[in-house]
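# Task: produce atomic coordinates for the following.
(one chain, ligands or ions: 2)
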Amino acid sequence: MKITAGLLGEHAVFYAQFDHLDQVLPREQVIREIKAQGLMLESALAGHANIEEELLFQALDLFPEATGPLNVMRMEHEEIEGALGRIPELNGIEESRSLLLHVVQVARQHFAKEEQILFKLADQLLGDTKLAELGLQWAERRGVMV
Ligand SMILES: [Fe+2]
Ligand SMILES: [Fe+2]
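Numbering: from 1, shown residues only. Ligands and ions are numbered 1, 2, ... in the order given. Next up is the predicted model:
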């Protein structure tokens, strides 16, 4: 199985979580609930971004044509991580709500760029054998049998 297939499956699960957050956050009245959702999203997204960076992005670093998209993806990982890291320090409920909703929006756009540009580029540049080898590493890290 190609690593890009594994990562796409992870995106699909995140989309369900993003939909849920978009639905419940606007009417949440308790700040600690918003912060708890932020922490859950932070840990899930960190795991996803780390795997992307350590397996897929590193393999793509060998190809100059991937440099531009990789720079954007890494920058967006930092932006998302940084914004989620600020939520625990906020005191206002509206501020916390709008920052978390903003992160959801940025993450959706980031995922779409990966799907439309980066994963397609990886499929072209890395070839089936390398993608499958990375897919095995992905499965091992995630603890799934393929
Ligand atoms: Fe990413
Ligand atoms: Fe991703």
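# what's around residue 34, how many residues?
25 (other CB atoms under 10 Å). C-beta: built from backbone N, CA, C; applies to glycine.
# Please name the residues that touch it.
Counting by CB atoms under 8 Å, 6 or more residues apart in numbering, residue 34 touches 25, 28, 87, 93, 96, 97, 100.
# what's near enough to touch the first one?
Which is residue 25. So residue 25 contacts 34, 37, 97, 100, 101 (CB under 8 Å, 6+ apart).
# other SSEs contacting the biggest helix by length in the chain?
Longest helix in the chain by number of residues (criterion: DSSP state H): helix 119-142. Counting by 3 or more CB pairs under 8 Å, 6 or more residues apart in numbering; DSSP states H and E, the packing neighbours recorded for helix 119-142 are helix 3-24, helix 31-51, helix 58-60.
# As CSV, those with distance to residue 133 and mean pLDDT would be great.
Output for the helices and strands packed on helix 119-142, formatted as CSV (distance: least, CB to CB, whole Å; pLDDT from 0 to 100):
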stretch, distance to residue 133, mean pLDDT
helix 3-24, 8, 98
helix 31-51, 14, 98
helix 58-60, 9, 98
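# Which one, of these, ends up nearest to residue 128?
When the helices and strands packed on helix 119-142 are compared by CB to CB, helix 3-24 sits nearest residue 128, at 10.7 Å.
# that older thread, tell me the two of the contacts of residue 34 that are most distant?
Farthest pair in the contacts of residue 34, by CB to CB: 28 and 87, 13.0 Å.
# burial count for the spatially closest residue to residue 63 that is not a sequence neighbour?
Nearest residue to residue 63 in three dimensions, chain neighbours excluded: residue 125, at 4.9 Å (CB to CB, 6 or more residues apart in numbering). Residues near residue 125, counting by other CB under 10 Å, number 15.
# same thing with residue 92?
10.
# Next up, phi/psi of it, please.
phi -90, psi 140 (degrees, to the nearest 10).
# pLDDT at it, what is it?
Residue-level confidence at residue 92 comes out at 97, pLDDT.
# give the contact list for the most far-flung residue of the chain relative to its centre.
Here the centre of the chain is the reference, and by CA atoms, centre = their mean the most remote residue is residue 29, at 27.0 Å. If you count contacts by CB under 8 Å, 6+ apart, residue 29 has them with residue 93.
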